[in-house]
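Enquirer: sequence unavailable; structure follows:
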């Protein structure tokens, strides 16, 4: 497919478990973003990659959250020792150019994480 | 800091009615970009429109139109002759010249009734 894909689409975890969420951006897109969307709210920024470099992780809520994009394409968002407040939809977006300015971000369908 | 406010939490209209979604933004940057996204039940955010801070010309694109007014920091979005398929959550978002990430409002749930 030509769009951003994310897997799994749904994840249920017991409190304390580690989870890994995958994002496949549009081929060739330089920029990749992760956002967290709580129920009934707008997405909130977590982190940004330019190719394989993580240039901004100011939105990560705690050190339990870790993201990587080792080869500048696929990205993984890992959450360690999940807590109930981590329950949300995690959205990935990619953009064909270096972030900033007029660049449109293309979003994936998201992964809905539920922590019991 | 940037902020986007969508005061309308939910709106319901009957099919074929026009509907306007309100958006108010805050930023100290002089260069910025405003977006509207649609989020259907499937969850994917779909890009609708984009304007930059230098261009206040309002436009119409099919059934969509927008009213950008810098004087009131508003970027309202209108759907003409609404259809049931327009039912979704609509987000207004801001991208400033100094930032990389979008700042979203809390969204407006639009329900179009047949």
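Expert: Okay, I see it. All figures in this text were calculated on a predicted structure; none of them were measured in a lab.
Enquirer: can you tell me which residues in chain A are near chain B?
Expert: Within chain A, the positions adjacent to chain B are A:3, A:31, A:33, A:35, A:40-45, A:48, A:55-56, A:59, A:89, A:91, A:93, A:99-102, A:104-110, A:112 by C-beta under 8 Å from any C-beta of the partner chain. C-beta here means a position set from N, CA and C on the backbone, and glycine is covered the same way.
Enquirer: just the buried ones from these, in ChimeraX syntax?
Expert: Only the buried entries of the residues of chain A next to chain B go into this ChimeraX selection, using 16 or more other C-beta atoms under 10 Å in any protein chain shown:
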select /A:31,33,35,42,43,44,45,48,56,59,89,91,93,99,100,105,106,107,108,109,110,112
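Enquirer: so of the residues of chain A next to chain B, which ones are in strands?
Expert: A:31, A:33, A:35, A:44-45, A:48, A:55-56, A:89, A:91, A:93, A:106-107, A:112 (DSSP state E).
Enquirer: tell me the contacts of residue A:34?
Expert: Going by C-beta atoms under 8 Å, 6 or more residues apart in numbering or on different chains, residue A:34 touches A:23, A:45, A:46, A:47, A:48, A:67, A:75, A:77, A:90, A:91, A:92.
Enquirer: number of nearby residues for the last one?
Expert: So that's residue A:92. 27 (other C-beta atoms under 10 Å in any protein chain shown).
Enquirer: once you drop chain neighbours, what's closest to it?
Expert: The shortest distance from residue A:92 to any non-neighbouring residue, by C-beta to C-beta, 6 or more residues apart in numbering or on different chains, is to residue A:23 (3.4 Å).
Enquirer: that neighbour against residue A:73, yeah?
Expert: No - the pair residue A:23 / residue A:73 is not scored as a contact, 9.6 Å apart, by C-beta atoms under 8 Å.
Enquirer: how confident was the prediction at the closest residue to residue A:47 other than its chain neighbours?
Expert: Among residues not flanking residue A:47 along the chain, residue A:57 sits closest, at 4.4 Å (C-beta to C-beta, 6+ apart). Listed pLDDT for residue A:57 reads 92.
Enquirer: okay but residue A:57 is in contact with residue A:68, surely?
Expert: No - assessed by C-beta under 8 Å, residue A:57 is found out of contact with residue A:68, at 10.8 Å.
Enquirer: the worst-scoring helix or strand of chain B on mean pLDDT pairs with which strands?
Expert: The helix or strand of chain B with the poorest confidence is strand B:60-61; it has a mean of 76 (mean pLDDT, DSSP states H and E). Pairing partners of strand B:60-61, with direction, according to DSSP bridges: strand B:64-69 (antiparallel).
Enquirer: return the set of buried residues in the strand it pairs with.
Expert: B:64, B:65, B:66, B:67, B:68.
Enquirer: redo those residues as JSON lines? Include pLDDT.
Expert: Shown next, in JSON lines, are these (pLDDT from 0 to 100):
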{"residue": "B:64", "pLDDT": "92"}
{"residue": "B:65", "pLDDT": "90"}
{"residue": "B:66", "pLDDT": "90"}
{"residue": "B:67", "pLDDT": "90"}
{"residue": "B:68", "pLDDT": "91"}
